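**Student:** Sequence plus predicted model, see below.
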Amino acid sequence: PAPRAAPAAAGAGVQRPLRREDAIRNHAQILAAAEQLFTERDPSAVTMDQIAKAAGVGRATLYRRFPDPPAVAAALLDEHERILQGRLAFGPPPLGPGAPPAQRLAAFYAAVLDHLERHLPLTLGIRPGPARFSAGAYRHWRAHVRSLLVEAGAADPDVSVDALLSPLAPEVYQFQRHTLGFPPERIAETLGRLARGVLPEPRMG
């Protein structure tokens, strides 16, 4: 008779899910620790050893997921940008669907300015200058603002969209916020007026 198969080791069925849970937990710990480090000091000075120690994971665990600190920073920035993208697509108006284009554009300006205020060192360090135009976030913001221009019947939305996004360049925000000393509220209010001037709100009646 054919030999009987050896019984499965106890707990073998849960090993894979447990490994996946460990990976998810380690990933979250790494990003949380890295965010704290990048906030407290110059992101370019943060090392992999510092991230591993702050996250409570081994260096091997960290290097299995990320090759260097810029990769950790990029993953962290992507996480924050995905949250904002979700709010644009599914959140309540005026940032989410359901409000007139001018209101949505003003809300978009305010949300991105808040994002820059929180994560400016990362944004400047990870996607400097022209490199940011090839990033997924810029393409997403561009598609969003272009759709608002089209909805409002604006002329030549393909050119206008980049003009409307230009005030949100990290270098521009850094100059206005930290060189000129403008408070975030003043910048947001001004960009809100720009939104309402470019995309007038529909007249009632």
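**Tutor:** Received, thanks. Source: prediction; values computed, not measured. Numbering: from 1, shown residues only.
**Student:** Just give me the longest helix of this protein.
**Tutor:** helix 12-40 (DSSP state H).
**Student:** Report the mean per-residue pLDDT for that one.
**Tutor:** Average pLDDT, helix 12-40: 81.
**Student:** which strands and helices sit next to that helix?
**Tutor:** Helix 12-40 is packed against helix 48-55, helix 59-65, helix 69-90, helix 101-126, with contacts defined by 3 or more Cβ pairs under 8 Å, 6 or more residues apart in numbering; DSSP states H and E. For every residue, glycine as well, the C-beta is placed using N, CA and C.
**Student:** do you know which of these lies nearest residue 201?
**Tutor:** Taking Cβ to Cβ, helix 101-126 is the member of the helices and strands packed on helix 12-40 nearest to residue 201, at 4.9 Å.
**Student:** Can you pull the domain assignment for the chain?
**Tutor:** 19-67, 69-204 (the TED database).
**Student:** picking up where we left off before, can you say which of the helices and strands packed on helix 12-40 is packed in most?
**Tutor:** Among the helices and strands packed on helix 12-40, the stretch with the highest mean neighbour count (mean count of other Cβ atoms under 10 Å) is helix 101-126, at a mean of 20.
**Student:** and residue 145, how many neighbours?
**Tutor:** 25 (other Cβ atoms under 10 Å).
**Student:** in which helix or strand would I find it?
**Tutor:** helix 136-152 (DSSP states H and E).
**Student:** What's the first helix or strand after that helix?
**Tutor:** Helix 136-152 is succeeded, C-terminally, by helix 157-165 (DSSP H and E).
**Student:** Report the inter-axis angle for that next one versus helix 136-152.
**Tutor:** Angle of helix 157-165 versus helix 136-152, following axes from the mean of the first three to the mean of the last three Cα atoms, to 10 degrees, is 120 degrees.
**Student:** Run through the neighbouring helices and strands of helix 157-165.
**Tutor:** helix 136-152, helix 184-198.
**Student:** and with 7 Å instead?
**Tutor:** helix 136-152 (3 or more Cβ pairs under 7 Å, 6 or more residues apart in numbering; DSSP states H and E).
**Student:** and the residue nearest the centre of the chain, how far is that from residue 131?
**Tutor:** Central residue of the chain (Cα atoms, centre = their mean): residue 81, 1.7 Å from the mean position. Separation of residue 81 from residue 131 (Cβ to Cβ, to the nearest Å): 15 Å.
**Student:** same check, this time on residue 200
**Tutor:** For residue 200 relative to residue 131 (Cβ to Cβ), the value is 35 Å.
**Student:** I'd guessed residue 145 sits against residue 161; true?
**Tutor:** Yes - contact criterion Cβ atoms under 7 Å: residue 145 and residue 161 qualify, at 5.0 Å.
**Student:** quick one: buried residues of the helix or strand of the chain with the lowest mean pLDDT?
**Tutor:** Comparing every helix and strand of the chain by mean pLDDT, DSSP states H and E singles out helix 12-40 as the least confident one, with a mean of 81. Across helix 12-40, burial judged by 16 or more other Cβ atoms under 10 Å covers 26-27, 29-31, 33-35, 37-38.
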